[in-house]
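>>> Sequence and predicted structure are below.
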2 protein chains.
Amino acid sequence: MTVAIIGGTGPEGSGLALRWAQAGETIIIGSRDPQRASATAAEIQKQTSGRVSGAENKAACESAEIVVLTVPFEGHAEMLKHLKPAFRPGQIVVDTTVPLAASVGGRPTRTLGVWQGSVAQQTAELVPGGIAVVAAFHNISAELLKHEGPVDCDVIVCSDDKQATRRIRELARKIPGVRALDGGKLENARIVEQITALLIGFNIRHKGHSGLRITGLPPEAYDI
Amino acid sequence: MTVAIIGGTGPEGSGLALRWAQAGETIIIGSRDPQRASATAAEIQKQTSGRVSGAENKAACESAEIVVLTVPFEGHAEMLKHLKPAFRPGQIVVDTTVPLAASVGGRPTRTLGVWQGSVAQQTAELVPGGIAVVAAFHNISAELLKHEGPVDCDVIVCSDDKQATRRIRELARKIPGVRALDGGKLENARIVEQITALLIGFNIRHKGHSGLRITGLPPEAYDI
């Protein structure tokens, strides 16, 4: 299974790539600039035994079963148009994007209203048929992904495709410390995306790298 | 300090009343029906040494420094109109209300859009001047409040009045197990309110009583 990370030279994308490469996944770092992609891939390769390569975003998308979007909201819709010819039925697109108001010069502790309800639902409109869209990894700190040790955060996975939810939950829990929860339908991404703005507020007030854990659920909730 | 709990015969209100009475606070259970209020108060009194009494909602509101709203969203604005003559400057109104779509016959895993952004911001419009509005306790399970033992949940407290935030954080952490975080301005209540819909989804899928913990913050974040 190959995972392409679109915008994979950024902090969140390269952090996820590092953790998944350490877990033995085959990773393609995508970037607008193939040379930057290869440089980041080589950097991650040094820290892991997994197979990590770099490619232009569209080429990365073409070669992967799972395509993870880690681009800022301001470039998000444009990126999906760019990737459109590269998608093929059966792929899973994982959207990690948060519509931070910072995208239009506002605060990172506020979000923009997205007409469809969430960025992930916008993505579902923009990808061709036959692609499963999953929302996940919004609440996981890029800083913690880049450091050693387990990540003290649950990943809430939302999708209208149960099988895709299951596969991305499996991918999520390859990151040490992470528990992956079924967050229900894709429409719930609107809540999970916004939680990030709240976490950024905590980070600013307290100089932390916050995440969240859901409490009070039976252990089976974390089984896949 | 006296805490009035408006709609205090319901599960969330009586659960909070129980925990605060156990911590030694003076509680007035408010209800439309003073007899029901007194019956619930007597029930709680049996389980605690704190002073617990019952009154009609408006009378409860009049006699308290802190007024906690635990009414369903469908009766929320009407209740504030009813209480209006009873408010006086210097009081703190704590809004725990979540705008669940269940209020209009929809799902408890979805929320209604509130014009002001959140129920708490609507409350800020409806109370007289000189009243501090605080949003808190949305994410804490009524079931867990009613049972013995610590509650495994953080309370996120949002307000535009820093002093009111501090006082309600102090009140929150009188519930064993609870850590109380400054969630920033009242506008952030829109995120905290919606988290409840997500938690209800987890509860339905997994038969749990979910809550949340924020991770990755320094211990000072929980100091008051």
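Alright, I've got the coordinates.

>>> which residues sit in contact with A:S49?
By Cβ atoms under 8 Å, 6 or more residues apart in numbering or on different chains, the contact set of A:S49 is A:G24. Backbone N, C-alpha and C define where each C-beta goes, glycine included.

>>> Give me the phi and psi for it.
Main-chain dihedrals, A:S49, degrees, to the nearest 10: phi -100, psi -10.

>>> Next one: it, what pLDDT does it get?
pLDDT recorded at A:S49 is 82.

>>> same question, the one 3 residues further on
Note on A:V52: pLDDT of 98.

>>> so what's the spatially most central residue of chain A up against?
When Cα atoms, centre = their mean is applied to chain A, the residue found nearest the centroid is A:T96 (3.5 Å). Taking Cβ under 8 Å, 6+ apart, we find A:T96 in contact with A:E12, A:L16, A:V68, A:L69, A:T70, A:A135, A:A136, A:F137, A:H138.

>>> any idea how far A:L80 is from A:V134?
Per Cβ to Cβ, to the nearest Å, A:L80 is found 15 Å from A:V134.

>>> that older thread, any idea which of the contacts of A:T96 is closest to A:R36?
A:T70 (14.1 Å; Cβ to Cβ).

>>> which residues touch the nearest residue to the closest one once chain neighbours are set aside?
Closest residue to A:T70 apart from its sequence neighbours, by Cβ to Cβ, 6 or more residues apart in numbering or on different chains: A:G13 at 3.5 Å. Contact partners of A:G13, counting by Cβ under 8 Å, 6+ apart, are A:I5, A:I6, A:G7, A:I29, A:V68, A:T70.

>>> Repeat the analysis, applying 10 Å as the threshold.
A:5-7, A:27, A:29-31, A:40, A:68-71, A:96, A:137, A:142, A:145 (Cβ atoms under 10 Å, 6 or more residues apart in numbering or on different chains).

>>> need the longest helix for chain A.
Criterion DSSP state H: the longest helix present in chain A is helix A:189-206.

>>> can you tell if it touches chain B?
Yes. Helix A:189-206 is in contact with chain B by Cβ under 10 Å from any Cβ of the partner chain, via A:190-199, A:201-206.

>>> Show me which positions of that helix end up buried.
A:189-203, A:205-206 (16 or more other Cβ atoms under 10 Å in any protein chain shown).

>>> cool, and stretch A:173-193?
A:173, A:175, A:177-193.

>>> cool, and stretch A:117-136?
Buried residues in stretch A:117-136, counted by 16+ other Cβ under 10 Å: A:117-124, A:126-127, A:131-136.

>>> Which members of these occur in strands, if any?
Assigned to strands by DSSP state E, the following of those qualify: A:A132, A:V133, A:V134, A:A135.

>>> I'd assumed A:A120 was in contact with the third one.
Yes. At 7.7 Å, A:V134 counts as touching A:A120 under the criterion of Cβ atoms under 10 Å.

>>> So for the two, which residues contact both of them?
Going by Cβ under 10 Å, 6+ apart, residues that sit against A:V134 and also against A:A120 are A:V93, A:V94, A:D95, A:T96, A:C158, A:S159, A:L186, A:A189.

>>> the helices in chain A, which residues?
A:11-22, A:34-46, A:57-62, A:76-83, A:119-126, A:142-146, A:162-172, A:189-206.

>>> Quick one: those helices as a markdown table, columns for mean pLDDT and distance to B:A86 too.
Output for the helices of chain A, formatted as a markdown table (pLDDT from 0 to 100; distance: least, Cβ to Cβ, whole Å):
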| stretch | mean pLDDT | distance to B:A86 |
| --- | --- | --- |
| helix A:11-22 | 97 | 50 |
| helix A:34-46 | 97 | 62 |
| helix A:57-62 | 98 | 60 |
| helix A:76-83 | 97 | 49 |
| helix A:119-126 | 98 | 43 |
| helix A:142-146 | 95 | 48 |
| helix A:162-172 | 98 | 49 |
| helix A:189-206 | 98 | 32 |
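
>>> Specify the stretch among those helices that is closest to B:R51.
B:R51 lies closest to helix A:189-206 among these, at 35.7 Å (Cβ to Cβ).

>>> so how far is the closest one off the chain centroid?
How far helix A:189-206 lies from its chain's middle: 15 Å, per Cα atoms, centre = their mean, to the nearest Å.

>>> pull the CA atoms of that helix into CSV?
Extracted in CSV, the C-alpha atoms of helix A:189-206 (Å, rounded to 0.1, in the frame of the first residue of the first chain):
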residue,chain,number,x,y,z
ALA,A,189,-15.8,16.7,9.9
ARG,A,190,-17.2,20.2,10.5
ILE,A,191,-16.8,19.7,14.2
VAL,A,192,-13.4,17.9,14.1
GLU,A,193,-12.0,20.6,11.8
GLN,A,194,-13.1,23.4,14.2
ILE,A,195,-11.6,21.7,17.3
THR,A,196,-8.2,22.5,15.8
ALA,A,197,-8.9,26.2,16.1
LEU,A,198,-9.7,25.7,19.8
LEU,A,199,-6.4,23.7,20.3
ILE,A,200,-4.5,26.4,18.6
GLY,A,201,-5.9,28.9,21.1
PHE,A,202,-4.7,26.6,23.9
ASN,A,203,-1.3,26.4,22.3
ILE,A,204,-1.0,30.2,22.0
ARG,A,205,-2.2,30.8,25.6
HIS,A,206,0.0,28.2,27.2
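
>>> tell me which strands and helices it is in contact with?
helix A:119-126, strand A:132-135, strand A:154-159, strand A:211-215, strand B:154-159, strand B:179-182, helix B:189-206, strand B:211-215 (3 or more Cβ pairs under 10 Å, 6 or more residues apart in numbering or on different chains; DSSP states H and E).

>>> what is the orientation angle of that helix with strand A:211-215?
Here helix A:189-206 runs at 120 degrees with respect to strand A:211-215, directions being taken by axes from the mean of the first three to the mean of the last three Cα atoms, to 10 degrees.

>>> picking up where we left off before, closest to B:A55 out of the buried residues of stretch A:117-136?
Once Cβ to Cβ is applied, the member of the buried residues of stretch A:117-136 that ends up nearest B:A55 is A:G117, at 42.0 Å.

>>> Tell me who's in contact with that closest one.
Listed by Cβ under 10 Å, 6+ apart, the contact partners of A:G117 are A:L186, A:E187, A:N188, A:A189, A:R190, A:I191, A:E193.

>>> Repeat that for A:W115.
A:Q121, A:Q122, A:E125.

>>> Against A:I204, how distant is it?
Counting by Cβ to Cβ, the gap from A:W115 to A:I204 is 28 Å.
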